[in-house]
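# Fold the following, please.
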Amino acid sequence: MNGSTLYICYFGVREPLVQTQVIPYLREIAKCGVRVNLLTFEPPASIRSGEKSLNEEKQALAADGINWRFRTYHKRFSVIATAYDILLGAFTILKWVRKEKIDVLHARAHIPLAMALLARWFVSVRLIFDFRGLMAEEYVDAGVWTEGSLPYRVIKKLENGGLRKADEIVVLTEKFKSYLVDNGLRPPDTITVVPCCVDFERGEERGDHEKSDRFELIYAGSVTGLYMLEEMGRFFLTLQKARPDAFFQVLTGGDADYVKNTLSGVGIGSGDFAVQKVGPSEVPSWINRTRAAISFRKPTFSQIAASPTKIAEYLSRGVPVVVNSGIGDMDDAIDKNSVGVVIDEFDPASYEAAVGKLLRLVEKKDTAERCVQTARAGFDLETVGASGYCGVYSRLLNSHE
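Have a look, this model is predicted:
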């Protein structure tokens, strides 16, 4: 297909999320024949790291068919800084659209959507609203905002504007698509579901490497906000009763002291867990050595739109996972394929039942293969992610001709 896109992302290019959930998708979109441009917002510290490293990053992206530019991310005086970034972003988009003859603006989440909607007042381009989650509700769930506060109302108004004005909507889950359709917010043929996917080219697929000497349970990711570290710690204690050799491995870029204090606070001995900060490229090798994985997240309304990348990553390595119900489409995928355990309640009885089921799964010889097959079928970057995005671009660019 012929045409060009400008992908707008309100994160820095070196952020783990961008490295795993933005750039891989853009590489695939470029392979579909779309000329890809990327706008990011870089932290001042990243910019100060030196012109040489930025040029190297730019050249590496260009080799993958991605034309990258950036603006500075402003944080001080949060509301004013974000408003300034939105205006700066809209101005940058306008210049870029006119110079490069951009056909499509691809807004990743709400703040880039605001930039794109502003720019569209002055130029005629197609718009993709890449809906990464219910931002206002998630901030309330995490205790950052209160429902009905000014930031909450502004984001909901912006979100509704995107749902009305975008040419295509991309969401992470079938459950959220159904919610939008059932409530008359979008027709189904303009919504594409693309879950958070895994690049199977990042090392070997299965976790059939040499395992840790202990029965290692792994958690990788954020440890605050929507994630329930204390409950994960209590589950581990139940696991430890059945497997005294159990060990809890936590990989996070968050506050290590907070993790240590929380896990020690629920009664886990200091020799039975570890906290590591590792880069995105190192995570797969850590997963490979484990027997099982875990992810507990607050099961609020906003989570119908969530697709935690970590779960797809665990499964792609052949590692069964323990999750709680109410998180996107994960319940269905895990139950249907017998690749983990879904719990409904955070209580001792539920933990005991889940531990028993998990240990039986780990002992089955075909569990690892089923995990990989499940990840391949539902979360593969090329066959699921790229296919979904290329379909969206094909509809927009063909209709634009």
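# ok, and what's touching the longest helix along the chain?
Counting residues, the longest helix in the chain under DSSP state H turns out to be helix 78-100. For helix 78-100, contacts defined as Cβ atoms under 8 Å, 6 or more residues apart in numbering pick out 4, 6, 8, 10, 35, 37, 39, 41, 67, 69, 71, 73-75, 102, 105, 111-112, 114-116, 118-119, 122-123, 125, 151. To be clear about C-beta, it is placed using only N, CA and C from the backbone, and glycine gets the same treatment.
# And the residues you listed, which of them are buried?
For the contacts of helix 78-100, a neighbour count by 16 or more other Cβ atoms under 10 Å gives the buried set as 4, 6, 8, 10, 35, 37, 39, 41, 67, 71, 73-74, 102, 105, 111-112, 114-116, 118-119, 125, 151.
# Strands - which of the residues you listed land there?
Secondary structure defined by DSSP state E assigns Ser4, Leu6, Ile8, Arg35, Asn37, Leu39, Phe41, Asn67, Arg71, Leu105 of the buried ones among the contacts of helix 78-100 to strands.
# Include pLDDT and distance to Tyr139 when you put these into TSV, please.
Below are those laid out as TSV (pLDDT from 0 to 100; distance: Cβ to Cβ, whole Å):
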residue	pLDDT	distance to Tyr139
Ser4	96	33
Leu6	98	27
Ile8	98	20
Arg35	96	35
Asn37	97	29
Leu39	98	24
Phe41	96	19
Asn67	96	32
Arg71	94	23
Leu105	98	24
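# Spell out which two among those are the most distant pair, please.
Arg35 and Phe41 (21.6 Å; Cβ to Cβ).
# quick check: domain ranges of this protein?
4-195+380-400, 215-379 (automatic domain parsing).
# Dump those to JSON lines, plus distance to Glu201.
Converted to JSON lines, the domains of the chain look like this (distance: least, Cβ to Cβ, whole Å):
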{"stretch": "domain 4-195+380-400", "distance to Glu201": "8"}
{"stretch": "domain 215-379", "distance to Glu201": "11"}
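# Show me what counts as buried in the least confident helix or strand in the chain by mean pLDDT.
Lowest on mean pLDDT, DSSP states H and E among the helices and strands of the chain sits helix 44-48, with a mean of 78. Going by neighbour count (16+ other Cβ under 10 Å), the buried part of helix 44-48 is Ser46, Ile47.
# Ok, stretch 193-202 next?
Quick answer for stretch 193-202 (16+ other Cβ under 10 Å): Val193, Val194, Pro195, Cys196, Cys197, Val198, Asp199, Phe200, Arg202.
# got a list of what the residue nearest to the spatial centre of the chain touches?
For the chain, the residue sitting closest to the mean C-alpha position, by Cα atoms, centre = their mean, is Thr309 at 4.9 Å. Residues near Thr309 by Cβ under 8 Å, 6+ apart: Thr20, Gln21, Cys196, Val198.
# Among those residues, which pair sits farthest apart?
Within the contacts of Thr309, two members stand farthest from each other by Cβ to Cβ: Gln21 and Val198, at 10.0 Å.
# Buried residues, whichever strand or helix holds Gly161. List them.
Using DSSP states H and E, Gly161 falls within helix 150-165. Neighbour-count burial for helix 150-165 flags Pro151, Tyr152, Ile155, Lys156, Leu158, Glu159, Gly162, Leu163 (criterion: 16+ other Cβ under 10 Å).
# Need the pLDDT of the third one.
pLDDT, Ile155: 96.
# Quick check: it vs Leu134, distance?
According to Cβ to Cβ, to the nearest Å, Ile155 and Leu134 sit 9 Å apart.
# now do the fourth one
Using Cβ to Cβ, one obtains 9 Å as the distance from Lys156 to Leu134.
# Dump stretch 336-348 to PDB, keeping only the CA atoms.
C-alpha atoms of stretch 336-348 as PDB (Å, rounded to 0.1, in the frame of the first residue of the first chain):
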ATOM      1  CA  LYS A 336      -9.600 -22.100  27.700                       C
ATOM      2  CA  ASN A 337      -6.100 -23.200  27.000                       C
ATOM      3  CA  SER A 338      -5.200 -24.600  30.500                       C
ATOM      4  CA  VAL A 339      -2.000 -22.400  30.700                       C
ATOM      5  CA  GLY A 340      -2.400 -21.100  34.200                       C
ATOM      6  CA  VAL A 341      -4.800 -20.400  37.000                       C
ATOM      7  CA  VAL A 342      -7.400 -17.700  37.400                       C
ATOM      8  CA  ILE A 343      -8.500 -16.800  40.900                       C
ATOM      9  CA  ASP A 344     -11.700 -14.800  41.800                       C
ATOM     10  CA  GLU A 345     -11.000 -14.000  45.400                       C
ATOM     11  CA  PHE A 346      -7.800 -12.900  47.300                       C
ATOM     12  CA  ASP A 347      -8.200 -15.200  50.300                       C
ATOM     13  CA  PRO A 348      -6.400 -18.200  51.700                       C
END
